[in-house]
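In: generate a structure from the sequence data that follows.
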Amino acid sequence: MTQRSSIPVVVVAAVTVFSLVAARNWAQNNEVNVQFHGFQDTRGVTVLSPTVDLSQDFTERTSLRLNFGVDAISAASDSCARCHRDGIRSRRQDVGLSVTRKFDGLKFTLGGAYSQENFYRATTALTSVSRDLNNGNTTVAGGFSFSLNQPVLHPTLTRENQNASDAFASVTQTLTRSTIVQAGYEAGRISGYQNNPFLRANVNGVMVLGQVPDLRTRQTVTARVRQALPSETYLEADYRHYFDDWQVTSNTLNLGLSHHFSPQFLLNASYRRYSQTGASFFQPEYTGAIPVYFTADFRLEPFTSNDYIGKVIYTPRGLIAWLPDGTGLTLQYERYQADNGFQAAIFSAGLRVPIKIFTK
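Out: Model prediction:
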């Protein structure tokens, strides 16, 4: 299957960005953030991800955000191993657009996104609303999104449809000048094709394409704490509980500590613990009578993982004359270990360069 060049998409995105900026040179906040991010792991997989993000205020109440990104992947992971033993080069392109309108304490956002890669594309529409209460110490928010996902059943050219609907609600509360908490709930429903077309299940010694239900209902409960500590130190704690009607249940705990050694240097260390049960129909292999549902999708098996991350962010702030204020360099090392045998050591680096198009 041939890949289409991303150049036409880049050109269209660039023309759209600068035509929008030129049409409203009186805007209060015109900024383009150009970021370049890359990482490599021990499997030899390299991902390069340049992104462009435009933020613009048309008035005091109306703002627009446009983003475009590309992921260039040197070798796909396990998805296409049966067709390409050494992996296959892949590229994902995505573009998103959203408009936000403020009405006193209310804020409405309407937007959409489109993503295209070798064997998958997704089109999403979304909307959200938030309201500040209690003199700005409380924020209540909610939103809804709908996605049409279309996987290609590689190596054939057959394309299937999958519909995903998600709704969320959250409450964010400032408890003290140094403590913020948030509670959230999300419900989602997926219908249509949900098999993994790249994997084959062992059914009585025969490798066959899996068969899973075409309807899935998911629910998620989250809790977050942000705590400022003395000496420019900050604590982050997140908890997420997930469950669905395929009997997959997961718990995720994130703990992070950040410290500003100077206005230019920020050090962050974090730990993530994840555990999940398997789907009710998952088995390493199937024997006897052929079941109604069977799968080899590793995302549906029970496992536990630990993720250790160290990150340094350097913001020069005028130390390098040719870089604008706000430029930041990020270096990150990540060590991932799971009890299903998967391990990864990932080093990544990113550069963020904000560009002011116009000033007030």
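In: phi, psi for the residue lying closest to residue 210 once chain neighbours are set aside please.
Out: Leaving aside its chain neighbours, residue 210 sits nearest to residue 295 (3.9 Å; criterion: CB to CB, 6 or more residues apart in numbering). Backbone N, C-alpha and C define where each C-beta goes, glycine included. Dihedral angles of residue 295 (phi, psi; degrees, to the nearest 10) stand at phi -160, psi 150.
In: contacts only, for residue 295.
Out: 195-196, 199, 201, 210-212, 279, 281-282 (CB atoms under 8 Å, 6 or more residues apart in numbering).
In: out of these, who's nearest residue 97?
Out: residue 196 (30.4 Å; CB to CB).
In: before we move on, the earlier item: just send the contacts of residue 295 back as CSV, with neighbour count too.
Out: Shown next, in CSV, are the contacts of residue 295 (neighbours: other CB atoms under 10 Å):
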residue, neighbour count
195, 18
196, 18
199, 18
201, 23
210, 20
211, 17
212, 20
279, 21
281, 18
282, 24
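In: just the ones in helices from those residues, please.
Out: Assigned to helices by DSSP state H, none of the contacts of residue 295 qualify.
In: let's see which of these end up in strands.
Out: If you go by DSSP state E, the contacts of residue 295 have residue 201 in strands.
In: format the contacts of residue 295 as a markdown table; extra columns: pLDDT and distance to residue 304.
Out: Below are the contacts of residue 295 laid out as a markdown table (pLDDT from 0 to 100; distance: CB to CB, whole Å):
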| residue | pLDDT | distance to residue 304 |
| --- | --- | --- |
| 195 | 89 | 25 |
| 196 | 84 | 21 |
| 199 | 84 | 21 |
| 201 | 91 | 23 |
| 210 | 90 | 23 |
| 211 | 92 | 27 |
| 212 | 95 | 23 |
| 279 | 95 | 16 |
| 281 | 95 | 21 |
| 282 | 94 | 15 |
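In: and which of the contacts of residue 295 is nearest residue 312?
Out: After measuring the contacts of residue 295 against residue 312 - CB to CB - the closest member comes out as residue 196, at 36.7 Å.
In: show the contacting residues for the closest one.
Out: Counted by CB under 8 Å, 6+ apart, residue 196 has contacts 210, 295-297, 299.
In: could those go into TSV alongside distance to residue 32?
Out: Shown next, in TSV, are those (distance: CB to CB, whole Å):
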residue	distance to residue 32
210	44
295	44
296	44
297	39
299	36
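In: out of those, which comes closest to residue 230?
Out: Closest to residue 230, out of all of those and judged by CB to CB, is residue 299, at 41.7 Å.
In: residues of stretch 335-343 that come out buried?
Out: Neighbour-count burial for stretch 335-343, counted by 16 or more other CB atoms under 10 Å, picks out 336, 338.
In: returning to that earlier point: tell me the one of the contacts of residue 196 nearest residue 314?
Out: Within the contacts of residue 196, the smallest distance to residue 314 is 35.6 Å, found for residue 299 (CB to CB).
In: burial of that closest one, as a residue count?
Out: 12 (other CB atoms under 10 Å).
In: just residue 51 next, same as before
Out: When neighbours are counted by other CB under 10 Å, residue 51 comes out with 17.
In: quick one: it from residue 234, how far?
Out: 25 Å (CB to CB, to the nearest Å).
In: do residue 208 as well
Out: To residue 234, residue 208 is 51 Å away according to CB to CB.
In: could I get the full set of helices for this structure?
Out: So, for the chain - with DSSP H - the helices run 7-23.
In: quick one: low-confidence parts of it?
Out: Applying pLDDT under 70 to the chain flags the ranges 1-30, 39-44, 73-89, 317-323, 357-360.
In: go again using 80 as the cut-off
Out: Within the chain, the stretches with pLDDT under 80 are 1-31, 35-48, 58, 71-91, 154-156, 316-326, 355-360.
In: end to end on stretch 98-110, go ahead and measure it.
Out: Stretch 98-110 has its terminal residues 6 Å apart, counting by CA to CA, to the nearest Å.
In: cool, and stretch 190-207?
Out: Across stretch 190-207, the terminal residues are separated by 26 Å (CA to CA).
In: I'd say residue 354 and residue 326 touch.
Out: Yes: counting by CB atoms under 8 Å, residue 354 touches residue 326, with 4.3 Å between them.
In: what is the residue nearest to residue 329 when sequence neighbours are not counted paired to in the beta sheet?
Out: What sits nearest to residue 329 in space, not counting adjacent residues and going by CB to CB, 6+ apart, is residue 314, at 4.6 Å. Residues in a beta bridge with residue 314, per DSSP bridges, are residue 265, residue 329.
In: let me see the contact set for residue 314.
Out: Residue 314 neighbours (CB under 8 Å, 6+ apart): 264-265, 328-331.
In: how far away is it from residue 232?
Out: Distance, residue 314 to residue 232, by CB to CB: 15 Å.
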